[in-house]
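Undergrad: need coordinates for the below:
(one chain, ligands or ions: 3)
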Amino acid sequence: MEVKARAPGKIILSGEHAVVHGSTAVAASIDLYTYVSLRFPTPSDNDDTLTLQLKDMALEFSWPISRIKEALPESSPLSSTPTSCSVESTKSIAPLVVEQNIPEARIGLASGISAFLWLYSSIQGFKPATVVVTSELPIGSGLGSSAAYCVALSAALLAFSDSVSLDVNHRGWLLFGEKELELVNKWAFEGEKIIHGKPSGIDNTVSTYGNMIKFKSGSLTRIKTNMPLKMLITNTKVGRNTKSLVAGVSERNLRHPDAMAFVFRAVDSISKELSTVIQSPTLDDLSTTEKEEKIGELMEMNQGLLQSMGVSHDSIETVLRTTLKYKLASKLTGAGGGGCVLTFLPTLLSGTVVDKLISELESCGFQCLIAGTGGGGAEIFFGGSS
Ligand SMILES: Nc1ncnc2c1ncn2[C@@H]1O[C@H](COP(=O)(O)OP(=O)(O)O)[C@@H](O)[C@H]1O
Ligand SMILES: C[C@@](O)(CCOP(=O)(O)O)CC(=O)O
Ligand SMILES: [Mg+2]
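TA: Ligands and ions are numbered 1, 2, ... in the order given. You can find the predicted model right below:
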């Protein structure tokens, strides 16, 4: 029995960090995916282990099922009820991760492995299996790799659970129904909590449902638009960790609650205006050029506010200065502190200018890509390779 799931990464067009504090944010899925395959051994395999293979990093982690049972004796799978990893369970999972001796350079994976153990034992219990993860997303760069990983993991685990009934004979990528998507999203959120500490839920939601969404206080509104939004993504390749950046903004909020309340309100207004502009019919009251100018300006304003939250970085500022020379608006995307920067490319911008900009950014050691936005969300594939 084998199933493969895939879930996309995302860009946040406006509202990261402020969304954790209740502001509106706008995000879109991108066409870079994390894939998770799940295979249960047959009795003749005589395999009584749970194995997690992180293929891109050539890493493998493995636990005898008896070891997991001993550490998490309370765990009885209830896949229909997403549950948070309690303080006790966090303490029980910690030694299971520590004993895997994760290479020091990859220590950030510890939270991802903890999330795996929590989701696996909660949804599938104590069954032996092999789970293989591959990803097209850069990890820890603001493109939502943690959410794509949790969504793909939850989708694969739920595909073979009692809570979901799917056509296992379907050939090709299969979409979940609304109810199943809701369950995948809720479980993925529990995984994100283990990785991010205090996630808003926007990343797992856009990865689950795909397309473009407006998100505020845990609820999503789908954004319908015919407007092509072409974004250049520049990866500064400066590593950072979402959990500590989110915690840093919360600490600043505790130190300056009045000032930060205004910052978060300003972001809320920017996201609302952005979603109105994106959805407004062209040639109605606004031409494409006018709409594009507004989008660029709103992104610039959002970047200024992100800077005041303390999440910009020298490398991000270098990208901003470079794109400004070409009169193009940019903002960081995701948690900041390094990671990726978005640059809005208006429709009439010539390809030659884009090429010149990309080569200038790449000469600074950055990596550029133009990703397709607004594609599908979580999907599964039964059987062998897709
Ligand atoms: N493909 C993957 N395999 C294992 N862990 C992953 C994978 N993708 C993400 N993670 C987990 O998510 C963490 C990165 O999440 P985060 O700091 O939120 O950055 P981002 O979500 O922007 O990429 C990694 O350190 C790891 O724990
Ligand atoms: C900073 C934040 O708004 C987005 C984080 O995105 P990423 O993990 O950097 O891709 C946090 C959140 O909304 O949970
Ligand atoms: Mg993340």
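
Undergrad: from Gln279, how far off is the residue lying closest to Gln303 once chain neighbours are set aside?
TA: Leaving out its chain neighbours, the residue that sits closest to Gln303 by C-beta to C-beta, 6 or more residues apart in numbering is Lys331, at 3.8 Å. Using the backbone N, CA and C atoms, a C-beta is placed for each residue, glycine as well. Remark: distance between Lys331 and Gln279 (C-beta to C-beta, to the nearest Å) = 20 Å.

Undergrad: ok, these two, which is more surrounded?
TA: Set Lys331 next to Gln279 and count neighbours by other C-beta atoms under 10 Å: Lys331 wins out with 28 against 14.

Undergrad: ok, the more buried one - contacts?
TA: By C-beta atoms under 8 Å, 6 or more residues apart in numbering, Lys331 lies in contact with 14, 299-300, 302-303, 306, 341-342.

Undergrad: hmm, try it at 7 Å
TA: For Lys331, the contacting residues are 299, 302-303, 306, 341-342, by C-beta atoms under 7 Å, 6 or more residues apart in numbering.

Undergrad: check which helix or strand it maps to.
TA: Assigned by DSSP states H and E, Lys331 belongs to strand 330-333.

Undergrad: how about that strand and ligand 3, touching?
TA: No. Remark: strand 330-333 sits outside contact range of ligand 3, by C-beta under 5 Å from the ion, the gap being at least 11.4 Å.

Undergrad: CA-only coordinates of that strand in CSV, if you can.
TA: Taking C-alpha atoms only, strand 330-333 is exported to CSV below (Å, rounded to 0.1, in the frame of the first residue of the first chain):
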residue,chain,number,x,y,z
SER,A,330,9.9,44.9,-3.4
LYS,A,331,9.1,43.5,0.0
LEU,A,332,10.4,40.6,2.1
THR,A,333,8.1,37.5,2.1
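
Undergrad: what mean pLDDT does that strand get?
TA: Averaging pLDDT along strand 330-333 gives 98.

Undergrad: can you check stretch 26-46 too?
TA: Stretch 26-46 comes out at a mean pLDDT of 95.

Undergrad: run through the stretch 151-300 of the chain and note the low-pLDDT ranges.
TA: The stretch 151-300 of the chain contains residues with pLDDT under 70 at 283-285.

Undergrad: flag every residue of it that's near ligand 2.
TA: 196, 199-200, 202-203, 242, 246 (C-beta under 6 Å from any ligand atom).

Undergrad: bridge partners for Trp63, pull those for me.
TA: Taking DSSP bridges as the rule, Trp63 bridges to Leu50.

Undergrad: neighbours of it, just the number please.
TA: For Trp63, the count of nearby residues is 20 (other C-beta under 10 Å).

Undergrad: which parts of the helix or strand containing Ile278 are buried?
TA: In the assignment (DSSP H and E), Ile278 maps to helix 257-279. For helix 257-279, a neighbour-count test (16 or more other C-beta atoms under 10 Å) marks 260, 263-264, 266-268, 270-275, 277-278 as buried.

Undergrad: among the contacts of Lys331, name the ones in strands.
TA: Taking DSSP state E as the definition of strands, the contacts of Lys331 contribute 341-342.

Undergrad: show me which of the contacts of Lys331 are buried.
TA: The neighbour count (16+ other C-beta under 10 Å) marks 299, 302-303, 306, 341-342 as buried among the contacts of Lys331.

Undergrad: show me which residues of the protein sit near ligand 3.
TA: 146, 242.

Undergrad: who's in contact with stretch 72-79?
TA: 89, 92, 121-125, 158, 161-163.

Undergrad: as CSV, those with neighbour count and secondary structure would be great.
TA: Below are these laid out as CSV (neighbours: other C-beta atoms under 10 Å; DSSP: H, G, I helix; E, B strand; the rest coil):
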residue, neighbour count, secondary structure
Ser89, 21, helix
Ser92, 21, helix
Ser121, 25, helix
Ser122, 25, helix
Ile123, 24, helix
Gln124, 21, helix
Gly125, 17, coil
Leu158, 27, helix
Ser161, 18, coil
Asp162, 11, coil
Ser163, 15, coil
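
Undergrad: which one of those residues is nearest to Thr34?
TA: Using C-beta to C-beta, Leu158 comes nearest to Thr34 of the contacts of stretch 72-79, at 15.7 Å.

Undergrad: can you verify my assumption that the closest one contacts Glu182?
TA: No. Under the contact definition of C-beta atoms under 7 Å, Leu158 does not touch Glu182, with a separation of 10.9 Å.
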